[in-house]
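>>> Predicted model and sequence follow; I will ask about them next.
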Amino acid sequence: MKLNTLLVAAVLASTSLSSCVFKTAEENQLKYTHTTLVDGDAYAFFRQVGSIAPYEVSYAEYVGTVGNAQAKDAAAKASKFFSDILPQMDSLATKYHVDFPILGTEKFTGPGQENIAVEPNEAPVVVKDSTLADSVAPLAQQTSKVYSDQEYLTHIQHQVALVKEQLRRLSRNTNKDLRDFAQAQTEPVAQLFTAVGGKEDAHAHH
């Protein structure tokens, strides 16, 4: 009887140890090799939308202090949408081993602070080298512009179009959780696109 008890205890201990070792190995694999459990399309979604969302939330805060009524309305709606999806993206990224938030993603800072160059398909780049101030301004500083309502509206239409397209692709993903998440956002992102002045065929140009 005691022998059977010892055998059962040994098996349970072995199973528990194997489980712990496997989990540690899995965590180390993610940490050191950045192996994820999503396919290329889903990874591209997390990278691109994960860079756009926090930037647009911070940009919207700035527009709320300087923009006209139309720009402020667009900014408020964009901020709400992106603020709502970020926690959901974070949960999905954690579940499927995607590094999130995206390393190197910048937030918008207003004129007179850090100079920012925004490339629509990339994360914003901040110029931090103050030694350049007395010499010829680098490209990033030269492309920084004084805020205008129309430029913000054009910018946010473009960014929402990119996110809309990424969600469309994700809505056909083989991963059910990611597919359900994207499909749930189809109507909200379409409404946002229209609300910020986008036209339904505009994404064809991006």
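Cool, got the structure. Numbering: from 1, shown residues only.

>>> for residue 152, what are its contacts?
59, 63, 67, 71, 74-75 (C-beta atoms under 8 Å, 6 or more residues apart in numbering). (C-beta placed from N, C-alpha, C; glycine too.)

>>> Other residues contacting stretch 185-202?
If you take C-beta under 8 Å, 6+ apart as the criterion, stretch 185-202 is touched by 73-74, 77-78, 81, 84-85, 153, 156-157, 160-161, 163-164, 167-168, 171.

>>> Mind listing what's buried along it?
Neighbour counts over stretch 185-202 (16 or more other C-beta atoms under 10 Å) mark 185, 189-190, 192-193, 195-196, 198 as buried.

>>> And the next helix or strand past the lowest-mean-pLDDT helix or strand in the chain?
In the chain, the helix or strand scored least confidently by mean pLDDT, DSSP states H and E is helix 139-142, which has a mean of 32. Later in the chain than helix 139-142, the nearest helix or strand by DSSP states H and E is helix 149-170.

>>> hang on, the earlier thing: could you point out which of the contacts of residue 152 is nearest to residue 45?
residue 59 (20.4 Å; C-beta to C-beta).

>>> Using the three-state scheme, assign the closest residue in space to the closest one that isn't next to it in sequence.
In this structure, residue 59 finds its nearest non-sequential neighbour in residue 108, 3.8 Å apart by C-beta to C-beta, 6 or more residues apart in numbering. Of the three states, residue 108 takes coil under DSSP: H, G, I helix; E, B strand; the rest coil.

>>> Neighbours of residue 108, how many?
A count of nearby residues for residue 108, using other C-beta atoms under 10 Å, gives 20.

>>> hmm, back to that, only the buried subset of the contacts of stretch 185-202, as a ChimeraX command please.
Remark: buried members of the contacts of stretch 185-202, expressed as a ChimeraX selection using 16+ other C-beta under 10 Å:
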select :74,77,78,81,85,153,156,157,160,161,163,164,167,168,171
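
>>> Got the domain ranges for the protein?
The chain breaks down by automatic domain parsing into domains covering 1-35, 38-205.

>>> Comparing those domains by mean pLDDT, which bottoms out?
When mean pLDDT is averaged over each of the domains of the chain, domain 1-35 scores lowest at a mean of 53.

>>> now the strands for the protein?
Secondary structure of the chain (DSSP state E): strands at 115-117, 125-127.
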